[in-house]
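A.B. asks: Give the three-dimensional model of this entry:
(one chain, ligands or ions: 1)
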Amino acid sequence: MASLRLVQVYLDLLSQPCRAVHLLLSCTGIPHTVHTVALRKGENRTPDFTKMNPMQKVPVMEDNGFILTESDAIMKYLSTRYDVPDHWYPRQPERRARVDEYTAWHQSNTRPHAARVFILEVLLPVQTGSPVDEVRLGRALSQLEETLDRLESMFLRRQPFLCGDDISVADLLAVCELMQPLGGGRDVLQQRPQLQRWRTRVRSAVGDAFDRAHAVLYALRERHAAKL
Ligand SMILES: N[C@@H](CCC(=O)N[C@@H](CS)C(=O)NCC(=O)O)C(=O)O
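C.D. replies: Residues are numbered from 1 along each chain as shown. Modelled structure (predicted):
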(Lines give C-alpha, C1' and ligand atoms only; values in the text may rest on other atoms or scores of the structure.)
Protein backbone atom coordinates (compact mmCIF):
# COMPACT_ATOMS: atom_id res chain seq x y z
CA MET A 1 0.00 0.00 0.00
CA ALA A 2 1.04 3.60 -0.52
CA SER A 3 3.35 4.89 2.20
CA LEU A 4 3.12 8.65 1.53
CA ARG A 5 1.88 10.73 4.44
CA LEU A 6 -0.82 12.27 2.24
CA VAL A 7 -4.36 10.99 2.66
CA GLN A 8 -4.88 8.17 0.17
CA VAL A 9 -8.38 7.46 -1.11
CA TYR A 10 -9.53 4.50 -3.16
CA LEU A 11 -12.53 5.45 -5.26
CA ASP A 12 -14.69 4.70 -8.28
CA LEU A 13 -16.53 7.91 -9.17
CA LEU A 14 -19.51 5.98 -10.47
CA SER A 15 -20.14 5.16 -6.81
CA GLN A 16 -22.24 7.67 -4.88
CA PRO A 17 -20.41 7.43 -1.51
CA CYS A 18 -17.07 7.76 -3.35
CA ARG A 19 -18.23 10.98 -5.01
CA ALA A 20 -19.25 12.39 -1.62
CA VAL A 21 -15.77 11.71 -0.21
CA HIS A 22 -14.18 13.16 -3.35
CA LEU A 23 -16.29 16.33 -3.09
CA LEU A 24 -15.32 16.86 0.54
CA LEU A 25 -11.62 16.50 -0.31
CA SER A 26 -11.94 18.88 -3.28
CA CYS A 27 -13.90 21.49 -1.32
CA THR A 28 -11.64 21.49 1.73
CA GLY A 29 -8.31 21.23 -0.10
CA ILE A 30 -7.05 18.44 2.19
CA PRO A 31 -3.93 17.17 0.37
CA HIS A 32 -4.70 13.72 -0.95
CA THR A 33 -4.03 11.16 -3.65
CA VAL A 34 -6.86 9.40 -5.47
CA HIS A 35 -6.42 5.75 -6.51
CA THR A 36 -9.10 4.62 -8.92
CA VAL A 37 -10.60 1.20 -8.18
CA ALA A 38 -12.67 0.29 -11.25
CA LEU A 39 -15.57 -1.78 -9.92
CA ARG A 40 -16.62 -2.83 -13.43
CA LYS A 41 -13.21 -4.48 -13.85
CA GLY A 42 -13.41 -6.18 -10.44
CA GLU A 43 -10.46 -4.18 -9.08
CA ASN A 44 -12.14 -4.23 -5.66
CA ARG A 45 -11.58 -8.01 -5.54
CA THR A 46 -7.80 -8.07 -5.93
CA PRO A 47 -5.80 -9.52 -2.99
CA ASP A 48 -4.22 -6.11 -2.21
CA PHE A 49 -7.53 -4.30 -2.09
CA THR A 50 -9.16 -7.12 -0.09
CA LYS A 51 -6.37 -6.85 2.47
CA MET A 52 -7.31 -3.18 2.92
CA ASN A 53 -11.06 -3.76 2.92
CA PRO A 54 -12.21 -7.37 3.37
CA MET A 55 -15.72 -6.18 2.42
CA GLN A 56 -14.32 -5.37 -1.07
CA LYS A 57 -16.16 -2.06 -1.26
CA VAL A 58 -15.20 1.52 -2.06
CA PRO A 59 -14.57 4.11 -0.71
CA VAL A 60 -11.54 3.33 1.44
CA MET A 61 -9.22 5.90 3.03
CA GLU A 62 -5.72 5.51 4.38
CA ASP A 63 -4.18 8.25 6.49
CA ASN A 64 -0.67 7.57 7.70
CA GLY A 65 -1.35 3.85 8.12
CA PHE A 66 -4.87 4.32 9.49
CA ILE A 67 -7.33 2.55 7.19
CA LEU A 68 -11.00 3.46 7.27
CA THR A 69 -14.04 2.32 5.30
CA GLU A 70 -17.60 3.74 5.12
CA SER A 71 -18.06 7.14 3.48
CA ASP A 72 -19.85 8.59 6.49
CA ALA A 73 -17.02 7.64 8.88
CA ILE A 74 -14.36 8.75 6.39
CA MET A 75 -15.91 12.20 5.90
CA LYS A 76 -16.38 12.77 9.62
CA TYR A 77 -12.84 11.60 10.34
CA LEU A 78 -11.36 13.92 7.70
CA SER A 79 -13.42 16.89 8.94
CA THR A 80 -12.30 16.26 12.53
CA ARG A 81 -8.66 15.41 11.83
CA TYR A 82 -7.93 18.28 9.42
CA ASP A 83 -8.38 22.00 9.76
CA VAL A 84 -11.51 22.40 7.63
CA PRO A 85 -14.30 24.98 7.96
CA ASP A 86 -16.52 23.98 10.88
CA HIS A 87 -19.75 23.85 8.86
CA TRP A 88 -18.74 20.54 7.23
CA TYR A 89 -19.08 18.71 10.55
CA PRO A 90 -19.74 21.22 13.32
CA ARG A 91 -18.07 20.81 16.71
CA GLN A 92 -20.94 22.32 18.67
CA PRO A 93 -22.79 19.26 20.07
CA GLU A 94 -26.33 20.04 18.94
CA ARG A 95 -25.24 21.07 15.44
CA ARG A 96 -23.06 17.98 15.17
CA ALA A 97 -25.96 15.83 16.37
CA ARG A 98 -28.12 17.22 13.55
CA VAL A 99 -25.56 15.99 11.00
CA ASP A 100 -25.37 12.60 12.74
CA GLU A 101 -29.17 12.45 12.76
CA TYR A 102 -29.32 12.84 8.99
CA THR A 103 -26.41 10.53 8.19
CA ALA A 104 -27.89 7.74 10.36
CA TRP A 105 -31.24 8.11 8.59
CA HIS A 106 -29.54 8.35 5.18
CA GLN A 107 -28.16 4.80 5.32
CA SER A 108 -31.61 3.19 5.42
CA ASN A 109 -33.53 5.78 3.37
CA THR A 110 -31.93 8.07 0.76
CA ARG A 111 -29.07 5.66 0.07
CA PRO A 112 -30.98 2.41 -0.63
CA HIS A 113 -34.04 4.04 -2.19
CA ALA A 114 -32.24 6.17 -4.79
CA ALA A 115 -29.69 3.42 -5.46
CA ARG A 116 -32.43 0.86 -6.13
CA VAL A 117 -33.90 3.01 -8.92
CA PHE A 118 -30.46 3.17 -10.59
CA ILE A 119 -29.86 -0.57 -10.11
CA LEU A 120 -33.23 -1.51 -11.64
CA GLU A 121 -33.13 0.98 -14.48
CA VAL A 122 -29.45 0.87 -15.46
CA LEU A 123 -27.27 -1.76 -13.77
CA LEU A 124 -29.45 -4.88 -13.94
CA PRO A 125 -30.49 -4.44 -17.61
CA VAL A 126 -26.80 -3.97 -18.55
CA GLN A 127 -25.64 -6.96 -16.48
CA THR A 128 -28.43 -9.38 -17.46
CA GLY A 129 -29.48 -8.10 -20.89
CA SER A 130 -33.11 -8.21 -19.65
CA PRO A 131 -35.56 -5.33 -20.00
CA VAL A 132 -36.33 -3.08 -17.00
CA ASP A 133 -38.68 -4.79 -14.53
CA GLU A 134 -41.39 -2.11 -14.52
CA VAL A 135 -43.23 -3.53 -11.51
CA ARG A 136 -40.15 -3.47 -9.28
CA LEU A 137 -39.16 -0.08 -10.66
CA GLY A 138 -42.62 1.31 -9.84
CA ARG A 139 -42.29 0.07 -6.26
CA ALA A 140 -38.79 1.52 -5.93
CA LEU A 141 -39.95 4.87 -7.27
CA SER A 142 -42.81 5.11 -4.81
CA GLN A 143 -40.47 4.26 -1.90
CA LEU A 144 -38.12 6.97 -3.14
CA GLU A 145 -41.02 9.45 -3.24
CA GLU A 146 -41.63 8.78 0.48
CA THR A 147 -37.99 9.50 1.20
CA LEU A 148 -38.15 12.73 -0.84
CA ASP A 149 -41.25 13.76 1.13
CA ARG A 150 -39.31 13.28 4.38
CA LEU A 151 -36.33 15.24 3.08
CA GLU A 152 -38.64 18.15 2.33
CA SER A 153 -40.90 17.98 5.35
CA MET A 154 -38.31 17.18 7.97
CA PHE A 155 -34.75 18.05 7.00
CA LEU A 156 -35.39 21.04 4.73
CA ARG A 157 -38.42 22.26 6.66
CA ARG A 158 -36.97 25.53 7.92
CA GLN A 159 -33.44 25.69 6.60
CA PRO A 160 -31.53 25.93 3.31
CA PHE A 161 -29.32 22.84 3.85
CA LEU A 162 -30.22 19.48 5.35
CA CYS A 163 -28.71 20.16 8.76
CA GLY A 164 -28.72 23.92 9.11
CA ASP A 165 -27.79 27.20 7.45
CA ASP A 166 -24.65 25.93 5.79
CA ILE A 167 -23.52 22.91 3.80
CA SER A 168 -22.31 19.82 5.69
CA VAL A 169 -21.17 16.31 4.87
CA ALA A 170 -24.86 15.31 5.05
CA ASP A 171 -25.67 17.38 1.95
CA LEU A 172 -22.78 15.77 0.03
CA LEU A 173 -23.93 12.25 0.88
CA ALA A 174 -27.53 13.06 -0.04
CA VAL A 175 -26.89 14.92 -3.28
CA CYS A 176 -24.61 12.16 -4.63
CA GLU A 177 -27.32 9.54 -4.06
CA LEU A 178 -30.05 11.68 -5.58
CA MET A 179 -27.94 12.37 -8.67
CA GLN A 180 -27.35 8.64 -9.34
CA PRO A 181 -30.58 7.84 -11.26
CA LEU A 182 -29.51 10.55 -13.73
CA GLY A 183 -27.20 7.85 -15.14
CA GLY A 184 -30.37 6.35 -16.63
CA GLY A 185 -31.70 9.76 -17.69
CA ARG A 186 -34.02 10.12 -14.69
CA ASP A 187 -34.00 13.33 -12.65
CA VAL A 188 -35.76 12.22 -9.47
CA LEU A 189 -36.14 15.85 -8.37
CA GLN A 190 -37.94 16.96 -11.54
CA GLN A 191 -41.28 17.48 -9.75
CA ARG A 192 -39.68 18.75 -6.54
CA PRO A 193 -38.95 22.51 -6.64
CA GLN A 194 -37.92 22.66 -2.97
CA LEU A 195 -35.36 19.90 -3.42
CA GLN A 196 -34.23 21.37 -6.74
CA ARG A 197 -33.47 24.67 -4.99
CA TRP A 198 -31.51 22.74 -2.34
CA ARG A 199 -29.53 20.91 -5.06
CA THR A 200 -28.73 24.26 -6.70
CA ARG A 201 -27.50 25.61 -3.36
CA VAL A 202 -25.30 22.53 -2.86
CA ARG A 203 -23.93 22.85 -6.40
CA SER A 204 -23.00 26.48 -5.92
CA ALA A 205 -21.45 25.82 -2.51
CA VAL A 206 -19.34 23.03 -4.05
CA GLY A 207 -18.44 24.87 -7.29
CA ASP A 208 -16.70 23.22 -10.25
CA ALA A 209 -15.85 20.12 -8.23
CA PHE A 210 -19.52 19.12 -8.48
CA ASP A 211 -19.48 18.56 -12.25
CA ARG A 212 -15.96 17.12 -12.16
CA ALA A 213 -17.05 14.46 -9.67
CA HIS A 214 -20.17 13.70 -11.71
CA ALA A 215 -18.51 13.65 -15.16
CA VAL A 216 -18.50 9.85 -15.28
CA LEU A 217 -22.21 9.76 -14.39
CA TYR A 218 -23.01 12.34 -17.09
CA ALA A 219 -21.09 10.19 -19.60
CA LEU A 220 -23.15 7.16 -18.58
CA ARG A 221 -26.34 9.20 -19.11
CA GLU A 222 -25.18 10.03 -22.66
CA ARG A 223 -24.43 6.36 -23.42
CA HIS A 224 -27.78 5.30 -21.97
CA ALA A 225 -29.65 7.91 -24.05
CA ALA A 226 -27.84 6.81 -27.23
CA LYS A 227 -29.11 3.23 -26.71
CA LEU A 228 -32.78 4.27 -26.48
N1 LIG B 1 -22.02 2.04 3.26
C2 LIG B 1 -20.87 2.10 2.37
C3 LIG B 1 -21.30 1.58 1.02
C4 LIG B 1 -20.14 1.18 0.16
C5 LIG B 1 -20.63 0.51 -1.11
O6 LIG B 1 -21.71 -0.10 -1.16
N7 LIG B 1 -19.84 0.65 -2.18
C8 LIG B 1 -20.20 0.03 -3.43
C9 LIG B 1 -20.19 1.06 -4.56
S10 LIG B 1 -21.46 2.27 -4.31
C11 LIG B 1 -19.15 -1.03 -3.79
O12 LIG B 1 -17.99 -0.85 -3.54
N13 LIG B 1 -19.60 -2.14 -4.38
C14 LIG B 1 -18.72 -3.16 -4.85
C15 LIG B 1 -19.24 -4.54 -4.59
O16 LIG B 1 -20.15 -4.69 -3.75
O17 LIG B 1 -18.75 -5.46 -5.24
C18 LIG B 1 -20.33 3.53 2.30
O19 LIG B 1 -21.11 4.46 2.47
O20 LIG B 1 -19.12 3.70 2.09
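A.B. asks: Identify each buried residue in the longest helix seen in the chain, please.
C.D. replies: Secondary structure of the chain read by DSSP state H shows that its longest helix is helix 209-227. Within helix 209-227, the residues that qualify as buried by neighbour count (16 or more other CB atoms under 10 Å) are 209, 210, 213, 214, 217, 220, 221, 224. (Each C-beta comes from the backbone N, C-alpha and C, glycine too.)
A.B. asks: does that helix come close to the ligand?
C.D. replies: No - contact check for helix 209-227 against the ligand, using CB under 6 Å from any ligand atom: none in range, with a minimum separation of 11.9 Å.
A.B. asks: Check the offset of that helix from the chain's centre.
C.D. replies: Per CA atoms, centre = their mean, to the nearest Å, the displacement of helix 209-227 from the mean C-alpha position of its chain is 15 Å.
A.B. asks: what's the farthest-apart pair in the buried residues of helix 209-227?
C.D. replies: Checking those against each other with CB to CB, the farthest-apart pair comes out as 209 and 224, at 23.8 Å.
A.B. asks: The one helix or strand residue 23 maps to near the ligand anywhere?
C.D. replies: Remark: residue 23 resides in helix 16-28, with elements defined by DSSP states H and E. Yes - under the criterion of CB under 6 Å from any ligand atom, the ligand is reached by helix 16-28 at 16, 17.
A.B. asks: got the residues of this protein near the ligand?
C.D. replies: By the criterion of CB under 6 Å from any ligand atom, the positions of the chain lying close to the ligand are 15, 16, 17, 39, 44, 56, 57, 58, 59, 70, 71, 72.
A.B. asks: one more time with 5 Å
C.D. replies: Neighbours of the ligand within the chain, by CB under 5 Å from any ligand atom: 15, 17, 57, 58, 70, 71.
A.B. asks: Of these, which is the most crowded?
C.D. replies: Neighbours were tallied for each of the residues of the chain next to the ligand (criterion: other CB atoms under 10 Å), and the maximum of 31 neighbours falls on residue 71.
A.B. asks: where do the strands sit along this structure?
C.D. replies: Here the chain has its strands, by DSSP state E, at 7-11, 32-36, 60-63, 66-69.
A.B. asks: tell me the mean pLDDT over the first one?
C.D. replies: Put plainly, it is strand 7-11. For strand 7-11, the mean pLDDT works out to 98.
A.B. asks: All good on my end, thank you.
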